[in-house]
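Chemist: sequence plus the predicted model coming up.
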Amino acid sequence: MEAGGGGARAGGSSSPAAGAIRPINKADVHRICSGQVILDLPSAVKELVENSLDAGSTSIDIALNEYGRESFKVADNGCGIPPHNFQELSSYVDL
């Protein structure tokens, strides 16, 4: 079930633990984050609602704490990202 090697090794073992999360290098983290700049509350909520819709949600709840100044939460019943997709991400190129 393991695809073509090359990942970080945890605890000195010869293969990564099943389902282990490996860090992405700093340059790739910067490239990913630079495309996700949110400047205001409406944009952030809109982005999360769009993600919910992309996940096939039929119910989306939005909660604002202190009108969104303190925090906000978007919860849905969508399917999310299947766990096997995380096994493939190790660099920006994998996106």
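Modeler: Looks like it came in fine. Residues are numbered from 1 along each chain as shown.
Chemist: please count neighbours and contacts with C-alpha atoms only from this point.
Modeler: OK.
Chemist: export stretch 59-76 to PDB, keeping only CA atoms.
Modeler: Extracted C-alpha coordinates of stretch 59-76, given in PDB (Å, rounded to 0.1, in the frame of the first residue of the first chain):
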ATOM      1  CA  SER A  59     -25.600  21.900   5.700                       C
ATOM      2  CA  ILE A  60     -23.300  24.700   6.700                       C
ATOM      3  CA  ASP A  61     -23.300  26.400  10.100                       C
ATOM      4  CA  ILE A  62     -21.400  29.700  10.600                       C
ATOM      5  CA  ALA A  63     -20.800  31.000  14.200                       C
ATOM      6  CA  LEU A  64     -19.300  34.400  15.000                       C
ATOM      7  CA  ASN A  65     -17.900  35.200  18.400                       C
ATOM      8  CA  GLU A  66     -18.200  39.000  19.100                       C
ATOM      9  CA  TYR A  67     -19.200  39.600  15.500                       C
ATOM     10  CA  GLY A  68     -16.200  37.700  14.300                       C
ATOM     11  CA  ARG A  69     -13.700  39.900  16.100                       C
ATOM     12  CA  GLU A  70     -12.800  37.200  18.600                       C
ATOM     13  CA  SER A  71     -13.300  34.100  16.500                       C
ATOM     14  CA  PHE A  72     -15.500  32.400  14.000                       C
ATOM     15  CA  LYS A  73     -16.300  28.800  13.100                       C
ATOM     16  CA  VAL A  74     -17.700  27.200   9.900                       C
ATOM     17  CA  ALA A  75     -18.900  23.600  10.400                       C
ATOM     18  CA  ASP A  76     -20.400  21.400   7.700                       C
END
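Chemist: ok, residues contacting the least confident helix or strand in the chain by mean pLDDT?
Modeler: Every helix and strand in the chain was compared by mean pLDDT, DSSP states H and E; the lowest is helix 83-86, with a mean of 71. With Cα atoms under 8 Å, 6 or more residues apart in numbering as the test, helix 83-86 has contacts from residue 21.
Chemist: number of nearby residues for residue 33?
Modeler: 9 (other Cα atoms under 10 Å).
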